[in-house]
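Q: what follows is a predicted protein model with its sequence.
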Amino acid sequence: MSRTPPKSFHVKSFGCQMNVYDGARMAELMQAEGMIEAGADEADLVLLNTCHIREKAAEKVYSDIGRLARRESGKPMIAVAGCVAQAEAAEIPKRAKAVDLVVGPQAYHRLPGLIADAVAGRQAVDTDMPAASKFDALPGRRAGAPSAFLTVQEGCDKFCTYCVVPYTRGAEVSRPWSAVMDEARALVDGGAREITLLGQNVNAWEGEDEKGRTRGLDGLIRALDALPGLKRIRYTTSHPNDMTQGLIAAHADVESLMPFLHLPVQAGSDRILKAMNRAHDVASYLRLIERVRAARPDIAISGDYIVGFPGESDADFEQTLAVVRKVGHAQAFSFKYSPRAGTPAATMADQIAPQVMDERLQRLQALLGEQQLAFNRATIGRTCEILIERSGKLPGQKLGKSPWLQSVLIDGGEIGDLVEVEIASAGPQSLIGERPRRAAA
Ligand code: 5AD
Ligand code: SF4
């Protein structure tokens, strides 16, 4: 049975920043095919760009599908993309009949052909991990927001025992130097003043520059620093074992590299880190943080923590709290361990009871919340630049990001402006900035 080709689309991304990036690229691809962006309530095609990292995230897609299937304005064509698509592939339309199309994270450049298949009533499932890069087949970047994402590296070879990423995103691959530089130039030409380089192991990025020299992420950052118009560079997510001296040094002397580092340690017990296959211990992580702080004393340290990994005792968990106290985070994410089918940890003995995980997560989040507030308060009275990204809730109010990735609210200013503000007050989630008096005079 054939159907009318969709004229409009809506992309809903879940999970990590790479999904946000992929979602933007899929939107650009559909725009290049002549489709227009629309709201979720009226679009002819709704694409759910899914996350598989924890069970809760993965299950959410099915409730969304159910809701779309019963949509008042009629059922749209439903596409499932992202990591659930990769992990569950043809199982998805079997479980949820309303799904018309499934496309994995390495195959989405083929979306137009898959939409045509779905229109023609053919099965449209593509979770290939082709050798050729999808990036080469995608249309160029369009003008966009002042702060842009740019994927430079994808996949992971680390195989932490809890994690699905090596299976859903595939092996570690770095995009070539010239592809990254070209895309960065296009983003800056389109209005980006800040670029966040993305990768599951972004600091493992490696490539050859124009002169054929092998460079790491620090080399790429130094080249991007020289791009006229690009004011700020960030990167995420990093693995402790790929944190080179060159990258640490870049934090000391590359002005556009923002003083922020997301460097997950995951747990504070060496025994648990070993069971997680993290290939680093607590002491080496803390030494690394010291070296980074020596290079850039005001750097904001972010991280990820998992509580309730199989076998985690009360004493192990206390060690996680101890690490958090030693690091002193500006912010950090924390999660209850979620067993994922196919990963080694899912079948390990001594899985932790849910109520124990709940209690540990609460204690950890209370501590991280205190640290975040303390970090924010410590910036009161400081003068810094913020990049205005969007309007705030109140009339005339704008929201920008500080160098330390805090949300700062100010009165006035234009989206895309870098403005100097003095931090006047601070809450746990956001700060209030004021134009310094001398600037107003
Ligand atoms: N359960 C809970 N948290 C997980 N993460 C990855 N896999 C799992 C899992 N199975 C967390 C890690 C990682 C972040 C992106 O998600 O902390 O750094
Ligand atoms: Fe997952 Fe570990 Fe790779 Fe991070 S380093 S993506 S947690 S396997």
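A: Cool, got the structure. From a predicted model like this one, the values you see are computed outputs, not experimental measurements. Residues are numbered from 1 along each chain as shown. Ligands and ions are numbered 1, 2, ... in the order given.
Q: in the stretch 301-441 of the chain, which residue sits nearest ligand 2?
A: Residue nearest to ligand 2 within the stretch 301-441 of the chain: Asp304 (7.7 Å; CB to the nearest ligand atom). Yep, even glycine has a C-beta here, placed from its N, CA and C like the rest.
Q: verify the stated contact: that residue with Phe335.
A: Yes - in this structure Asp304 lies within contact range of Phe335 using CB atoms under 8 Å: 7.2 Å.
Q: what stretches of the chain score poorly on pLDDT?
A: For the chain, the stretches with pLDDT under 70 are 1, 438-441.
Q: returning to what we had before: neighbour count winner among Asp304 and Phe335?
A: Neighbour count, other CB atoms under 10 Å: between Asp304 and Phe335, Phe335 has more, with 18 against 15.
Q: run through the bridge partners of that one.
A: Beta bridges link Phe335 to Ile306, judged by DSSP bridges.
Q: how much space is there between it and Ala267?
A: As judged by CB to CB, to the nearest Å, Phe335 and Ala267 stand 11 Å apart.
Q: what sits up against the strand or helix carrying Gly23?
A: Taking DSSP states H and E as the criterion, Gly23 maps to helix 17-32. Residues outside helix 17-32 that contact it (CB atoms under 8 Å, 6 or more residues apart in numbering) are 9, 11-13, 37, 45, 47, 49-51, 81-83, 105, 108-109, 111-112, 138-139, 141-142, 144, 149-151, 154, 196, 198-200, 236.
Q: hang on, isn't Arg435 packed against Lys398?
A: No - counting by CB under 8 Å, Arg435 sits too far from Lys398 to count as a contact (11.7 Å).
Q: of these two, which one has the most company?
A: Remark: of Arg435 and Lys398, Lys398 carries more neighbours, 22 against 15, as counted by other CB under 10 Å.
Q: before we move on, back to that, where do the contact lists of Phe335 and Ala267 overlap?
A: In contact with both Phe335 and Ala267: Tyr305, Ile306, using CB under 8 Å, 6+ apart.
Q: mind listing the strands for the stretch 101-250 of the chain?
A: 125-126, 147-151, 153-154, 173-174, 194-198, 206-208, 214-216, 232-236 (DSSP state E, counting those that start in this stretch).
Q: name the residues of this structure found near ligand 1, please.
A: Ile53, Arg54, Tyr162, Cys163, Pro264, Gln266, Asp304, Ile306, Phe335, Tyr337, Ser338, Arg340 (CB under 6 Å from any ligand atom).
Q: from the residues you listed, which two are the most distant?
A: By the measure CB to CB, Pro264 and Arg340 form the most distant pair in the residues of the chain next to ligand 1, at 16.8 Å.
Q: need the contact list for Arg363.
A: Residues near Arg363 by CB under 8 Å, 6+ apart: Leu321.
Q: so it belongs to a strand, correct?
A: No - Arg363: not assigned to a strand; according to DSSP: H, G, I helix; E, B strand; the rest coil it is helix.
Q: pretty sure Ser387 contacts Leu418?
A: Careful, residue 387 is Leu and not Ser. Yes - the criterion here is CB under 8 Å, and Leu387 meets it with Leu418 at 5.4 Å.
Q: re the thing from before, can you list the buried residues in the helix holding Gly23?
A: 18-30 (16 or more other CB atoms under 10 Å).
Q: for the stretch 251-400 of the chain, just list every one of the strands.
A: So, for the stretch 251-400 of the chain - with DSSP E, counting those that start in this stretch - the strands run 260-262, 300-302, 304-307, 333-336, 383-391, 397-401.
Q: how about TSV for those strands, with distance to Thr4 added?
A: Shown next, in TSV, are these (distance: least, CB to CB, whole Å):
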stretch	distance to Thr4
strand 260-262	44
strand 300-302	46
strand 304-307	44
strand 333-336	42
strand 383-391	35
strand 397-401	40
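Q: residues in contact with Asp157?
A: Here Asp157 is in contact with Pro166, Ala171, Glu172, Asn201 (criterion: CB under 8 Å, 6+ apart).
Q: can I have the buried ones of these as a ChimeraX selection?
A: Applying 16+ other CB under 10 Å to the contacts of Asp157, the buried members can be selected in ChimeraX as follows:
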select :166,172,201
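Q: redo the contacts of Asp157 as a markdown table? Include distance to Asp350.
A: Putting those into a markdown table (distance: CB to CB, whole Å) gives the following:
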| residue | distance to Asp350 |
| --- | --- |
| Pro166 | 23 |
| Ala171 | 31 |
| Glu172 | 31 |
| Asn201 | 29 |
